[in-house]
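Visitor: mind looking at a prediction? Sequence and model below.
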Amino acid sequence: MPSLGAVTFLVREYDEAIRFFVDALGFELVEDTPMGEAKRWVTVAPRGSHGTRLLLARAASDEQSAHIGRQGGGRVFLFLETDDFAGDAARMRAHGVRFREEPRHEPYGTVAVFEDLYGNAWDLIQPA
């Protein structure tokens, strides 16, 4: 059965993006392989995850750079599920992550919108 292996996530610089995902979001660095000419194959994923990874892709043109921080067109772009909403939100805030709202309780779980280092909107969700 096919599966979705990775989703491209545009970044300004590899190392700043790795720091954000590893330190602030608690992801693990899955791979960081040089590809020549300052290009790298960098993937991150939530710690312990065996699903889809994010491919951190450094913008290589003005057109690509223009989409950094606007990858979801202003809507919530990605959904990060957790089994410890309070703990993860506290770690994220301690690393400077900005939440756009206070946590709210919905029929599907506890959720709050936060911004990544470029301003893309994400949901942090603890499913009900």
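Guide: Noted; the coordinates are in hand. Numbers count the residues shown, from 1 in each chain.

Visitor: CA atoms for contacts and neighbours, from now on please.
Guide: Will do.

Visitor: and Arg93, how far is that from Ile125?
Guide: To Ile125, Arg93 is 15 Å away according to Cα to Cα, to the nearest Å.

Visitor: quick one: secondary structure of the closest residue to Thr82 other than its chain neighbours?
Guide: In space, and not counting its chain neighbours, Thr82 is closest to Gln126: 5.0 Å by Cα to Cα, 6 or more residues apart in numbering. For Gln126, the secondary structure call by DSSP: H, G, I helix; E, B strand; the rest coil comes out as strand.

Visitor: quick check, pLDDT for Gln126.
Guide: Confidence at Gln126, expressed as pLDDT, is 98.

Visitor: longest helix of this protein?
Guide: Secondary structure of the chain per DSSP state H: the longest helix is helix 85-94.

Visitor: tell me the domain ranges of the protein?
Guide: Residue ranges for each domain of the chain read 1-68, 72-128, as given by automatic domain parsing.

Visitor: could you grab the helix/strand/coil label for Phe20?
Guide: Classification of Phe20 using three-state DSSP returns helix.

Visitor: list the residues that contact it.
Guide: Phe20 makes contact with Asp116, Leu117, according to Cα atoms under 8 Å, 6 or more residues apart in numbering.

Visitor: just the one 3 residues further on next, same as before
Guide: Going by Cα under 8 Å, 6+ apart, Asp23 touches His95.

Visitor: do the same with Asp32
Guide: Contacts of Asp32 (Cα under 8 Å, 6+ apart): Arg40, Trp41, Val42, Thr43.

Visitor: the last one: how many residues sit nearby?
Guide: Per other Cα atoms under 10 Å, the neighbour tally for Thr43 reads 22.

Visitor: so it, which of the three states?
Guide: Classification of Thr43 using three-state DSSP returns strand.
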